[in-house]
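A.B. asks: Below is the sequence, then the predicted model.
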Amino acid sequence: MSRMLYLECGSGISGDMTVAALLDLGADREVLRAALDSLELEGFRTEIARVKKSGLDACDFRVVLDEKHENHDHDMEYLHGHGHEHVHEHTQEHDHGHEHVHEHTHEHTHEHRGLPEILSILEHGKMTERARALAKRIFTILGEAEAKAHGVPLEQVHFHEVGAVDSIVDIVAAAVCLDNLDIEETVIQELCEGGGFVRCQHGEIPVPVPAVLNITEAYGIQLHMTGIQGELVTPTGAAIAAAVCTRNRLPERFRIAGVGLGAGKRTYERPSLLRAMLIEEIRETEDTICKLECNIDDCTGEMLGHAMDCLFEAGARDVHYIPVYMKKNRPAWQLNVICSEQDREKMEEIIFRETSTIGIRRMRMERTVMEREICCVETPLGSAKVKKCRYEKTERCYPEYESVLKLCRESGKSFGEVYQMILGAAGETGVGGNR
């Protein structure tokens, strides 16, 4: 079984929703607290609480800012241009485990940080290298999206809402929690988004906001427009999704190993909830097949070749001929066909139609197979497909015949030369590694 994370983004995604869902899923609060305590940031504290959303119990992760650093990110009145009053949902059982507040006498201003300043903060924080690399990746994705939105080079981007204290804390917290849960593969099918306009420091902008559109375009993330008036997907949430998403489809069969529910702060028609599930993909290594065989002694080679082509086109798993000697020492061929049980009758019809046999033997067989996955690798001659096979601790990698042939024709190199080149490229990228 393969274990992965599934983020169900039916109400969008934001940084705080992601952290809350991962904490509810079982991420270690003490590990998170230690990482946030180590950040060279001022003016914040975090609260972890339980809240009710449409009657459902959910985890709430809140970054509480002092007056200097407040940016109205969760203030519905401010976001929609109706004033500056803060609107917060009632919470239950507050956990004020992380206190990180500094007093200031300065006026209410916003700190604008560039990507180098943020990367420096991350570099000096106490977290694993995997968590640090993920946090850096999320901020780089954000920086590229903002640079495109504002028409400036990446090194000139100054993060406003994105570089605010709460966004830095959200991103670091998400990276630390993902690392703590040992998440390496994440499924995100789509991001549900709203419409209308929201206010930012530049004025009112349309939803989806430009940074979200740039991220989803660059990383091929599917958006589903719900018609709800409001911003369901924040740039931080989109960047986290882009950084961690490895699959956009759920496996055909899986088990639920854990569920976490994270609450958002904004109130729209749809409850602001992000559901995170740990799922275990069930990959069958045992299945049942059907083997068909018959003896043929009066068909030409061309007829047998055509019969093989027809059987493969109809879905046969394998077709091969074995030379045999029949009674009176007549040379002949034994035809063997491997197929699924549901295809058996179709295969038998082809064998009777395309060969001269008058009888077919069949047997039901159980088999154990290696897990198989087709991957793409880059070689100096171009991209190629390889088949990666795995069974317990045994792994093998095989270049696909059609890919080898294509690169042979394009480069003029021999089949063996190209085969080894593809195998080497697979090993360098971690796809190979026959053992």
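C.D. replies: Good, I have the coordinates.
A.B. asks: need the strands for the stretch 301-435 of the chain, in chain order.
C.D. replies: Here the stretch 301-435 of the chain has its strands, by DSSP state E, counting those that start in this stretch, at 318-325, 331-339, 361-368, 371-379, 382-391, 394-399.
A.B. asks: Buried residues in the second one, which are they?
C.D. replies: Residues of strand 331-339 classed as buried under the neighbour-count rule (16 or more other CB atoms under 10 Å) are 332-333, 335, 337-339. (Each C-beta comes from the backbone N, C-alpha and C, glycine too.)
A.B. asks: show me where this protein has helices.
C.D. replies: 15-25, 29-37, 76-79, 115-124, 129-150, 165-180, 210-219, 235-244, 301-313, 344-354, 401-411, 415-428 (DSSP state H).
A.B. asks: And the last one, what does it pack against?
C.D. replies: Here helix 415-428 is seen to pack against strand 371-379, strand 382-391, strand 394-399, helix 401-411 when contacts are counted using 3 or more CB pairs under 8 Å, 6 or more residues apart in numbering; DSSP states H and E.
A.B. asks: Output that helix as CSV, nothing but the C-alphas.
C.D. replies: Extracted C-alpha coordinates of helix 415-428, given in CSV (Å, rounded to 0.1, in the frame of the first residue of the first chain):
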residue,chain,number,x,y,z
PHE,A,415,19.5,0.5,-30.2
GLY,A,416,21.9,-0.7,-27.4
GLU,A,417,23.5,2.7,-27.2
VAL,A,418,20.2,4.5,-26.7
TYR,A,419,18.9,1.9,-24.3
GLN,A,420,21.8,2.4,-22.0
MET,A,421,21.5,6.2,-22.3
ILE,A,422,17.9,6.0,-21.2
LEU,A,423,18.7,3.6,-18.4
GLY,A,424,21.5,6.0,-17.2
ALA,A,425,19.2,9.0,-17.2
ALA,A,426,16.6,7.0,-15.2
GLY,A,427,19.2,6.2,-12.6
GLU,A,428,20.3,9.8,-12.3
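A.B. asks: Give the buried residues for that helix.
C.D. replies: 418-419, 421-423, 425-426.
A.B. asks: Flag the shaky bits of the stretch 251-400 of the chain, pLDDT-wise.
C.D. replies: Scanning the stretch 251-400 of the chain for pLDDT under 70 picks out the ranges 283-286.
A.B. asks: about what we covered before: take the helices and strands packed on helix 415-428 and lay them out in a markdown table including mean neighbour count and distance to Ala241.
C.D. replies: Below are the helices and strands packed on helix 415-428 laid out as a markdown table (neighbours: other CB atoms under 10 Å; distance: least, CB to CB, whole Å):
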| stretch | mean neighbour count | distance to Ala241 |
| --- | --- | --- |
| strand 371-379 | 15 | 22 |
| strand 382-391 | 17 | 26 |
| strand 394-399 | 17 | 30 |
| helix 401-411 | 16 | 31 |
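A.B. asks: between those, which one is nearest to Val187?
C.D. replies: With distances scored as CB to CB, the stretch of those nearest to Val187 is strand 371-379 (15.4 Å).
A.B. asks: which residues does Ile350 contact?
C.D. replies: 307, 310-311, 314 (CB atoms under 8 Å, 6 or more residues apart in numbering).
A.B. asks: Let me see the confidence value for Lys148.
C.D. replies: Lys148 is assigned 91 on the pLDDT scale.
A.B. asks: For it, which non-adjacent residue is closest in space?
C.D. replies: Nearest non-adjacent residue to Lys148, counting by CB to CB, 6 or more residues apart in numbering: Asn214, 4.9 Å away.
A.B. asks: Correct me if wrong: that neighbour contacts Gly143.
C.D. replies: No: between Asn214 and Gly143 there is no contact under CB atoms under 8 Å: 10.8 Å.
A.B. asks: Relative to Gly203, which of the buried residues of helix 415-428 is nearest.
C.D. replies: Using CB to CB, these come closest to Gly203 at Ala425, 49.2 Å.
A.B. asks: In ChimeraX, select just the buried ones from the contacts of Ile350.
C.D. replies: Burial among the contacts of Ile350 is assessed by 16+ other CB under 10 Å; the matching ChimeraX selection reads:
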select :307,310,311
